[in-house]
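Colleague: output the structure for:
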Amino acid sequence: MAGFAYDSGADGAMVLRGVPVDPHPPVTPNVAGSVRRVPSLASTTLLLLAQQLGHPVAYREEKSGALVQDVVPVPALHTDQSNAGAVELLMHTENAFHPYLPDFVLLLCVRADPADAAGLRVASIRRAMPLLDDRTVATLREPRFRTSPPSSFGELAEVQVGPVLRGAIDDPDLCVDFAVTRAVDSEAADALRRLDQALREVTHEIRLQAGDLAVVDNRVSVHGRTAYHPRFDGTDRWLHRAYVHVDLRKSRRLRPSNGPVLDSRQ
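Modeller: Numbers count the residues shown, from 1 in each chain. From the prediction side, this is the model:
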């Protein structure tokens, strides 16, 4: 894990198999905002592994600031572009709108989709860069894109225009959410479409089974999910999710009492 934190490789993601989880988990929850506040084998293991990458964090406005969150289908939200939906979830950087987005996203499978239809999709800008021409890359590096946050994040509702690619020329960071990132002009919109196509060409799909832990480097990779058909009978796909910051100090102004939960109202 420590080596992955230093260099997540060309794919910017990995899967650890055989992570300890309850062999007989309770029924899959199907309510909005479901989280883990009582320790279990899976949630404890997830946080222990997360600490090998950095510092587990959460966001007060998201799932009430719980460090371990459930990713499960919710009947009233099954058509949403969110972790509670069951439609195709478009590729995205996790919390792309936030000034202190996670460095890593961890997804631990507690129960697999019984129909084996729900697939985690991952794509890395490291794989996509050779497919982009110089002008497209230059445009993506300019502040010509706006990513909207959910209304729950309050003061973050007014997001500044910024780039999609930033950082090192030969190994840039990627920050985009194809559901809510919008270009401010036609040339930028064309560049965003070309980026989307390039990422689609290098996307790989993972069918997570119980005990599989997917770790996504949120700085260089986007992820999404295929559509599937939940049963809402207690046997649906169930993941535990955790976020990690490598440098906890950067977000200090949003973490009351120097705790692990960011609060945008600070």
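Colleague: and residue 199, how many residues sit next to it?
Modeller: Look at residue 199: counted by other Cβ atoms under 10 Å, it has 25 neighbours. The C-beta positions use only the backbone N, C-alpha and C, and glycine is treated the same way.
Colleague: please apply the same query to residue 19.
Modeller: Residue 19 has 17 nearby residues by other Cβ under 10 Å.
Colleague: what do you get for residue 116?
Modeller: 12.
Colleague: for it, which non-adjacent residue is closest in space?
Modeller: residue 207 (5.9 Å; Cβ to Cβ, 6 or more residues apart in numbering).
Colleague: and the strands in the stretch 1-150 of the chain?
Modeller: 13-16, 35-36, 55-59, 68-71, 89-92, 104-111, 120-124, 145-147 (DSSP state E, counting those that start in this stretch).
Colleague: likewise for the stretch 151-266 of the chain?
Modeller: Taking DSSP E, counting those that start in this stretch as the criterion, the stretch 151-266 of the chain carries its strands at 165-166, 173-174, 181-183, 204-206, 213-217, 221-225, 238-245, 261-262.
Colleague: please name whichever of those strands is nearest to residue 121.
Modeller: Relative to residue 121, the nearest member of those by Cβ to Cβ is strand 221-225, separated by 4.5 Å.
Colleague: what lines up beside that closest one in the sheet?
Modeller: Strand pairing for strand 221-225, using DSSP bridges, gives strand 89-92 (antiparallel), strand 120-124 (antiparallel).
Colleague: hey, which of those is tucked in deepest?
Modeller: strand 120-124 (a mean of 23; mean count of other Cβ atoms under 10 Å).
Colleague: redo the strands of the stretch 151-266 of the chain as a markdown table? Include mean neighbour count.
Modeller: Output for those, formatted as a markdown table (neighbours: other Cβ atoms under 10 Å):
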| stretch | mean neighbour count |
| --- | --- |
| strand 165-166 | 19 |
| strand 173-174 | 22 |
| strand 181-183 | 18 |
| strand 204-206 | 13 |
| strand 213-217 | 24 |
| strand 221-225 | 24 |
| strand 238-245 | 24 |
| strand 261-262 | 22 |
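Colleague: so which of these gets nearest residue 28?
Modeller: strand 238-245 (4.4 Å).
Colleague: let me see the ranges of the helices in this structure.
Modeller: Assigned by DSSP state H, the helices in the chain fall at 2-6, 41-50, 125-128, 134-140, 186-201.
Colleague: closest to residue 215 out of the ones you listed?
Modeller: helix 2-6 (6.6 Å).
Colleague: now do the buried residues in the closest one.
Modeller: Neighbour-count burial for helix 2-6, counted by 16 or more other Cβ atoms under 10 Å, picks out 4-5.
Colleague: neighbouring contacts of that helix?
Modeller: 14, 52-54, 104, 215, 217, 246 (Cβ atoms under 8 Å, 6 or more residues apart in numbering).
Colleague: looking at these, spot the one nearest residue 113.
Modeller: residue 215 (19.7 Å).
Colleague: that closest one against residue 104, yeah?
Modeller: Yes. Using Cβ atoms under 8 Å as the test, residue 215 is close enough to residue 104 to be in contact (6.1 Å).
Colleague: what is in contact with these two at once?
Modeller: Shared contacts of residue 215 and residue 104, counting by Cβ under 8 Å, 6+ apart, come down to residue 53.
Colleague: re the thing from before, what is the nearest of the contacts of helix 2-6 to residue 230?
Modeller: Of all those, residue 215 has the smallest distance to residue 230: 24.8 Å, by Cβ to Cβ.
Colleague: pLDDT value on the closest one, please?
Modeller: Listed pLDDT for residue 215 reads 98.
Colleague: got it, and residue 157?
Modeller: 53.
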